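In: Provided below for reference: sequence and predicted model.
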Amino acid sequence: MAVAITGYDLVSCLGSTRQTFDALLAGQAGVSPLRFHTPAVGVGHGYQILDGVAEAPGRAASWLADCVATAVRRAGLSDRQRVSVVIGTGLRDLRAVERWSADDRSLDPSDIDFTEAVRRVLPDAPEVLNLVNACAASGHALAVGQDILVAGDVDAVVVAGVDATTESMLAMIGRVASGITTALRPFDRDRTGVLLGEGAVAVVLEPAGHARGAAAGVLGVGLSCDAAHETAPDPIGIRAAIQDAHDRAGVRPADIDLVITHGTGTALNDPTEAKVLAEVFAGISPGPIVTGVKGAIGHTSGAAALMSLVFAIEALRVGLVPPIAGLHDPIPEARGLRLVSGAPVPLRGRVAQINSFGFGGVNAVAVLEVNG
Amino acid sequence: MTGAVVTSSVVYSPGPEFDEPQLAAVTRTPVVAPEQAHTLLGRKGLLGKDRATRLALCAVHHALTSPSGHPDRSLPEPDGPVAVVVTSRYGVAKSVCDVVTEVRAGSARDVSPLQIPNVSSNVVASTIAIRHGMTGPNLTTCGGVGNGFDALRLALLLLSSRRAARAVLVGVEPADEVTRRLLTMEARPGTPARDVAVCLVLDPADRSQGTYVYPVERKRATAALAGLRLVAPVVAEPAVLRLERSVGRVHGTLDLVHLAVGAAWVDASADHTAYVSGDCGNGWRASTVLTASPPERPR
């Protein structure tokens, strides 16, 4: 069953929803030198939210609370409605644990998850689920949110994603980096790896029949686990998630007008994802327009899937698909795809597919349709 | 929303034997320390694995090979992908702190590549999936007290939405020094410091035999306590267990320990019933009921 998207909001390194989408269309990137981390992590740049000279505690929680409040207001939810909340996050607020452990900062252990932050905005929500599903976390939150709504227990579900930079994750990226990365360049031959982005996003879901004038609807979300390798993506698992998404959405590959890729700029993700997309859309002419947002806002980890979802809605509504920032010379595996680079391309279409894949082989793929 | 049947439930906790007979009833042997997990599981895939992952793998191993109360009964083959749902709050905390310490003392180059997976909060769930080839949805949840009900809720959703034909539900908190410090900061008086993992196997009610677990209910309640009420018609007073005295107030893992013990209690006799409840904070209480058979109409 399709569910309606009745409100959303996000914040990224490029600003609000509107500011970020305009910057995406202009091909801008929000990368800057890391502010709060030692060069010893082996990473020097990130797509950070520049929200203060010093690193305040609870940054991620405050972005999330603001986005949830705005999305709920835009959806027009009332206090009488029973609302569930599902948050996807890769890193939680493990930054607070790091600073407690390494810098003797004070720590309230309840701040490690985002339940309290959400309850400050929605005190009457009976359940606040924190899903910690790596870089596909908010894609999984979307699937669970749709299932909750379909089960009929609640009037609305707020699905959200959030992540701020942690030192331990930077160190892991630095540990495996072959060189210095100053910009994330999805699907480019000269890509040098991933950089973290920061941000939060919240999307309100309501039953399709009850929501008049909704901007878009979620047709279906597919989930799978590679069960193959911890860090390397597996084409079989990715393909299974796409198939599941199409089946649940009731669409065929030919129905997809736009694909927002996971596109992380890593050695392994981009060729694997490109090859699977080429297989899925083989024989379809001209095939969907293919883009991605991480070259502009970085890899926002747990928030990434819903960030992509919001930009898919914006692109389909205005009929203009942003280019992949940082893409100049596509990898051979992506040659058959209609990748957008350099300038936005016009698109008259209604159906988008959003890919998200995470550490541990967790895959979530969503299919949405804009109305009108 | 429908419930499911619990076809296996196991608590795995190296250390002194438990005082409560109901808790002892859901433990399996052998129980080995996390460092010795290879004696139970074999060496393959254990290199560099953190304490929580090793404990969880041992619990899953016992749950899949020795269903509770029926050591000779094997689990039916699921007719579709198997989901994994894990609740763990502090499973990765020590690895995260260790990595930061190593980086501050030198650089990222000093960190073992084997540590890379261990700083991702979903490492337990993905390792279980890899070991057992479980290609269904793979979820990790990390909320605080009451989080076991979130995990149960997620597992039941995955089954009822037909995303999985079986859900392996796991809770784990390691007793490493970082977790101990964090639990102490939470002011949990009387919390013992011991490793705890728990695993329940959930199947759709129309597919398998087992204890029926109802959907999670959430209500406003004051002074909610996490606990388990075991009811038998031949006994006037139900037994009330609060197992945090034995396993610690280990967040969602405590809720799943209550659930596992309740499932085994109901499994032992067709007229047994178990009521499990948990404090979800902010005045919210979650609860569920375990019965020997499904309701005639799913509620």
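Out: Structure's in. What do you need? Numbers count the residues shown, from 1 in each chain, chains lettered A, B, ... in the order given.

In: other SSEs contacting the helix or strand hosting A:Asn130?
Out: Take DSSP states H and E as the rule and A:Asn130 turns out to sit in strand A:127-131. With contacts taken as 3 or more C-beta pairs under 8 Å, 6 or more residues apart in numbering or on different chains; DSSP states H and E, strand A:127-131 sits against strand A:83-88, helix A:115-121, helix A:137-151, strand B:138-141, helix B:147-160. Every C-beta, even on glycine, is put in place using the N, C-alpha and C of the backbone.

In: deepest-packed of these, please.
Out: Stretch with highest mean neighbour count among the helices and strands packed on strand A:127-131: strand B:138-141 (a mean of 32; mean count of other C-beta atoms under 10 Å in any protein chain shown).

In: what are the ranges of the strands in the stretch 51-200 of chain B?
Out: Along the stretch 51-200 of chain B, counting by DSSP state E, counting those that start in this stretch, strands occupy B:82-87, B:138-141, B:166-173, B:196-203.

In: so which of those gets nearest chain A?
Out: Checking those against chain A by C-beta to the nearest C-beta gives strand B:138-141 as the closest, at 3.8 Å.

In: CA atoms of that closest one as CSV?
Out: Output of strand B:138-141 as CSV, limited to C-alpha atoms (Å, rounded to 0.1, in the frame of the first residue of the first chain):
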residue,chain,number,x,y,z
ASN,B,138,19.0,-6.8,9.1
LEU,B,139,18.1,-4.2,11.8
THR,B,140,19.9,-2.9,14.8
THR,B,141,18.3,-0.7,17.5
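
In: who touches it?
Out: Contact with strand B:138-141 is made by A:129-133, A:140, A:144, A:225, A:227, A:360-362, B:83-88, B:121-122, B:124-126, B:129, B:147, B:150-151, B:154, B:158, B:252, as judged by C-beta atoms under 8 Å, 6 or more residues apart in numbering or on different chains.

In: how long is stretch A:172-186 from one end to the other?
Out: The first and final residues of stretch A:172-186 sit 19 Å from each other (C-alpha to C-alpha, to the nearest Å).

In: one more: stretch A:357-366?
Out: Its first and final residues considered, stretch A:357-366 spans 12 Å by C-alpha to C-alpha.

In: now do stretch A:242-261
Out: End residues of stretch A:242-261 are separated by 12 Å (C-alpha to C-alpha).

In: and it, average pLDDT?
Out: On average, the pLDDT along stretch A:242-261 is 98.

In: ditto for stretch B:185-201
Out: 84.

In: gap between the two ends of it?
Out: Per C-alpha to C-alpha, the first residue of stretch B:185-201 is 33 Å away from its last.

In: what about the residue of the stretch 251-372 of chain A found nearest chain B, how many neighbours?
Out: Ranking the residues of the stretch 251-372 of chain A by distance to chain B (C-beta to the nearest C-beta) places A:Gly360 first, at 2.6 Å. Using other C-beta atoms under 10 Å in any protein chain shown, A:Gly360 has 31 other residues around it.

In: go on, A:Ala69?
Out: Neighbour count of A:Ala69, defined by other C-beta under 10 Å: 16.

In: how about it, phi and psi?
Out: phi -60, psi -50 (degrees, to the nearest 10).

In: try A:Ala4
Out: The phi/psi pair for A:Ala4 (degrees, to the nearest 10) is phi -90, psi 140.

In: wait, what's in contact with it?
Out: A:Leu205, A:Glu206, A:Pro207, A:Ala208, A:His210, A:Ala211, A:Ala214, A:Ala216, A:Gly217.

In: hang on, isn't the third one packed against A:Ala151?
Out: No. Between A:Pro207 and A:Ala151 there is no contact under C-beta atoms under 8 Å: 11.1 Å.

In: excluding its backbone neighbours, what's nearest A:Ala61?
Out: Excluding the flanking residues, the one nearest A:Ala61 by C-beta to C-beta, 6 or more residues apart in numbering or on different chains is A:Ala117, at 3.7 Å.

In: what's the answer for A:Gly361, then?
Out: Per C-beta to C-beta, 6+ apart, closest to A:Gly361 is A:Asp226, 2.7 Å.

In: just the pLDDT at that neighbour, thanks.
Out: So A:Asp226 comes in at 98 (pLDDT).

In: for A:Gln28, same thing?
Out: 98.

In: so it sits in a strand?
Out: No. A:Gln28 is assigned coil when assessed by DSSP: H, G, I helix; E, B strand; the rest coil, not a strand.

In: how much space between it and A:Ser12?
Out: A:Gln28 sits 11 Å away from A:Ser12, going by C-beta to C-beta, to the nearest Å.

In: the two - which one has more neighbours?
Out: More crowded of A:Gln28 and A:Ser12, by other C-beta under 10 Å: A:Ser12, with 30 against 16.

In: check contacts around that one.
Out: Counting by C-beta under 8 Å, 6+ apart, A:Ser12 has contacts A:Thr20, A:Gly30, A:Tyr47, A:Ile49, A:Gly197, A:Glu198, A:Gly199, A:Ile297, A:Thr300, A:Met307.

In: which of those fall within strands?
Out: A:Gly199 (DSSP state E).

In: re earlier: the residue nearest to A:Gly361 - how many residues pack around it?
Out: A:Asp226 has 26 nearby residues by other C-beta under 10 Å.

In: could you do the one 4 residues further on as well?
Out: Neighbour count of A:Glu230, defined by other C-beta under 10 Å: 16.

In: ok so, going back, so for B:Val99, which of the strands of the stretch 51-200 of chain B sits nearest?
Out: Of all these, strand B:138-141 sits nearest to B:Val99, with 18.8 Å by C-beta to C-beta.

In: pLDDT of that closest one, averaged?
Out: 98.

In: cool, stretch A:203-211 as well?
Out: Computed over stretch A:203-211, the average pLDDT equals 90.

In: what about it, near chain B?
Out: No. Stretch A:203-211 lies out of reach of chain B by C-beta under 8 Å from any C-beta of the partner chain, never closer than 14.1 Å.

In: how about the residue of the stretch 251-372 of chain A closest to chain B: what's its closest non-neighbour residue?
Out: B:Ser126 (2.6 Å).

In: neighbours of that neighbour, how many?
Out: A count of nearby residues for B:Ser126, using other C-beta under 10 Å, gives 31.

In: per-residue pLDDT of it, please?
Out: For B:Ser126, pLDDT reads 97.

In: for it, give me its contacts.
Out: Contacts of B:Ser126 (C-beta under 8 Å, 6+ apart): A:Cys225, A:Glu230, A:Phe359, A:Gly360, A:Gly361, A:Val362, B:Pro117, B:Ser120, B:Asn138.

In: B:Glu177: neighbouring residues, count only.
Out: With other C-beta under 10 Å as criterion, B:Glu177 counts 11.

In: B:Glu173 versus the residue lying closest to it once chain neighbours are set aside, what's the distance?
Out: Using C-beta to C-beta, 6+ apart and skipping the chain neighbours, the partner closest in space to B:Glu177 is B:Lys94 (7.2 Å). In this view, B:Lys94 and B:Glu173 are 11 Å apart by C-beta to C-beta.

In: what do these two both touch?
Out: B:Thr179.

In: residues contacting the spatially most central residue of chain A?
Out: Central residue of chain A (C-alpha atoms, centre = their mean): A:Ala304, 1.7 Å from the mean position. A:Ala304 makes contacts with A:Cys135, A:Ala136, A:Ser138, A:Gly139, A:Gly161, A:Gly197, A:His262, A:Lys294, A:Ser356, as judged by C-beta under 8 Å, 6+ apart.

In: let me know how buried the second one is, in neighbour terms.
Out: As a burial measure, A:Ala136 scores 34 neighbours (other C-beta under 10 Å).

In: tell me the contacts of it?
Out: Contacts of A:Ala136 (C-beta under 8 Å, 6+ apart): A:Gly88, A:Ala304, A:Ala305, A:Ser356, A:Phe357, A:Gly358, A:Val362, A:Asn363, A:Ala364.

In: just the buried subset of those residues, please.
Out: Neighbour-count burial (16 or more other C-beta atoms under 10 Å in any protein chain shown) applied to the contacts of A:Ala136 gives A:Gly88, A:Ala304, A:Ala305, A:Ser356, A:Phe357, A:Gly358, A:Val362, A:Asn363, A:Ala364.

In: perfect, I'm done here.
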